[in-house]
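Asker: The amino acid sequence is not available; the structure is as follows:
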């Protein structure tokens, strides 16, 4: 029982720390925007390092969705509606899978980078120089992730739609023109807006969770590895939970 | 640490409550204060649920906010639905709320169908009086089952008829069967077909009236002229020109014709009942016999006259009688000439004034004698009677 109580206490304290880190980071966004070099470095890292993997990932998501979707629609002789799979890409697959990739690639990198700094007392050194670690380390990463994830989502959507249209053409025998006609016929702007709002929030979650685990790293190199793993697991979990609630709220509005 | 735990606990608690709320809160518009509520009462709502969409002309304009059932209310109005309508949407009193199926896979929505555009606008918490519920999939399926059953029965009847027909055909009953089985009829049909072929060839060559009608351009022109004339005539008739036109259009003339027809009818009725001379002639048997006898007699007379028998026939046909008659007429002419000239006794009587005077005097004298005798006659009669008695 004391162990459970301790676990609850730790969880509550962690929630407090994450909330506090989030608020501090948001409060210092101005600082991040002023430090152009710092911000552009993060933007470059997030965007450049994820571009290829997000593109390939999106392409294959599109291929798989049309492969299955076309097969199922063919049962009802409605394969011409395979363009509707594009809506699933925009609604869910684009933002969620892109967030997964960024969480695995960038979130873990944040945890490892800041964790290493923590292990080698570089964070304390920053504090001693009067530099707020939240402002210097977290805010630029938060802004970079929140700004670039929507762009990466659009890029992933594009790649997935291209893959889907190609698959529809070769496998389902539906011309790309018909695929995109159906897709744009049923796509609404607010659905795209929902997708991008989710991407912004997912970007923030990934950056904050990665940085949080970095700050909480203890125990040398092993601790860094542990923090990295935890950051990825918690990011993915947080993204999925947030996805449900954000979708629920945005759909109800 | 304790402060961090407490704040963290509150934070997680708030997130938990917020997360829980998303499961139960279906329509955020309601809590965000968007839109205005309207009521609508239905007999049933199928599977319509809170949060389902309200559409007007296919456009989403709101959502179902609340559904309550009142078993005490009349069956047609026992389910009350509260619809939250967007503020920029106007619903009028004559508009109709219809619960419709969203797709064949299920799901329902409320459709607001526009009514009278001049009706008043409904305000907050007012009721949409005109409501209806579209049939569900199961109802449609049940109905189509009945229809399919009827169609099946119809088909069965048709198949039975077809069986009978094919049996008749096999047995050679009826014209169609004979066409299929009877060699003689087939030969006749061949002849008919040959005839039709010949006729069609003649038509093609423009032979005969029908062929000319089809192929001859002159006849076509004539026909067109005829049609033009007919058209003109019909136009004249329509305009009331000419007697026929007036008959068709002139009310007064029509009444006159009616009167004539009525008179003719009366006359024909009188003829039929044997009234009047003509009626008797037509209907009276006795008169018919008399007329027949008269005609026979006249025929006999004319025959006699033709054969020269009798006085009249002789007058007409005998030269001798003619000569005698001419001689008599000559004598009569001489006698009348003598009278005119005052010759002889009759001539004098006619022409001589003196003889006239004497005769007049004589007559006056005779009149005097007669008058005297008339006065004396009663005295003589009485005296004679008296003397006779003694």
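Answerer: Alright, I've got the coordinates. Remember, predicted model here, so these are calculated numbers, not experimental data.
Asker: secondary structure element for the residue positioned nearest the centre of chain A?
Answerer: Among the residues of chain A, the one closest to the centroid is residue A:99, at 2.2 Å (Cα atoms, centre = their mean). Element membership for residue A:99, per DSSP states H and E: helix A:94-102.
Asker: before we move on, back to that, not counting residues beside it along the chain, what's closest to the residue nearest to the centre of chain A?
Answerer: Nearest residue to residue A:99 in three dimensions, chain neighbours excluded: residue A:202, at 3.9 Å (Cβ to Cβ, 6 or more residues apart in numbering or on different chains). C-beta here means a position set from N, CA and C on the backbone, and glycine is covered the same way.
Asker: Name the helix or strand for that neighbour, please.
Answerer: helix A:189-215.
Asker: immediately after that helix, which helix or strand?
Answerer: Defined by DSSP H and E, the subsequent element after helix A:189-215 is helix A:220-252.
Asker: That next one close to chain B?
Answerer: Yes - counting by Cβ under 8 Å from any Cβ of the partner chain, chain B has neighbours in helix A:220-252: A:245, A:248-249, A:252.
Asker: dump the residue contacts of the closest residue in space to residue B:181 that isn't next to it in sequence.
Answerer: Spatial nearest neighbour of residue B:181, excluding adjacent residues (Cβ to Cβ, 6+ apart): residue B:172 at 4.5 Å. If you count contacts by Cβ atoms under 8 Å, 6 or more residues apart in numbering or on different chains, residue B:172 has them with B:178, B:180-182.
Asker: for the stretch 251-390 of chain B, which spans come out with low pLDDT?
Answerer: Applying pLDDT under 70 to the stretch 251-390 of chain B flags the ranges B:316, B:377-390.
Asker: what about the residue of it found nearest chain A, how many residues close to it?
Answerer: Residue nearest to chain A within the stretch 251-390 of chain B: residue B:251 (68.2 Å; Cβ to the nearest Cβ). Using other Cβ atoms under 10 Å in any protein chain shown, residue B:251 has 8 other residues around it.
Asker: again with residue A:95
Answerer: So residue A:95, with other Cβ under 10 Å, has 31 neighbours.
Asker: ditto for residue A:101
Answerer: Neighbour tally, residue A:101, other Cβ under 10 Å: 20.
Asker: What helices and strands are in contact with the helix or strand harbouring residue A:12?
Answerer: Applying DSSP H and E as the criterion places residue A:12 in helix A:2-27. Helix A:2-27 sits against helix A:139-167, helix A:189-215, helix B:2-24, with contacts defined as 3 or more Cβ pairs under 8 Å, 6 or more residues apart in numbering or on different chains; DSSP states H and E.
Asker: Report the buried residues of it.
Answerer: A:9, A:12-22, A:24-26 (16 or more other Cβ atoms under 10 Å in any protein chain shown).
Asker: what's the answer for stretch B:73-92, then?
Answerer: B:78-86, B:91-92.
Asker: Name the SS class of residue 66, please.
Answerer: Using chain A here. In terms of secondary structure, residue A:66 is helix; the call rests on DSSP: H, G, I helix; E, B strand; the rest coil.
Asker: that's the other chain; I wanted chain B
Answerer: Under three-state DSSP, residue B:66 falls in the strand class.
Asker: Tell me the pLDDT of residue A:7.
Answerer: pLDDT for residue A:7: 86.
Asker: Then residue A:143?
Answerer: pLDDT, residue A:143: 93.
Asker: my guess is it meets residue A:39, correct?
Answerer: Yes - using Cβ atoms under 8 Å, residue A:143 makes contact with residue A:39 at a distance of 6.1 Å.
Asker: Between those two, which contacts overlap?
Answerer: A:32-33.
Asker: So these two - more neighbours on which side?
Answerer: Set side by side, residue A:143 and residue A:39 show more neighbours around residue A:143, with 24 against 20, by other Cβ under 10 Å.
Asker: Now do the helix holding residue A:202 and helix A:2-27, the angle between them.
Answerer: Counting by axes from the mean of the first three to the mean of the last three Cα atoms, to 10 degrees, helix A:189-215 lies at 120 degrees to helix A:2-27.
Asker: Appreciated, that's everything.
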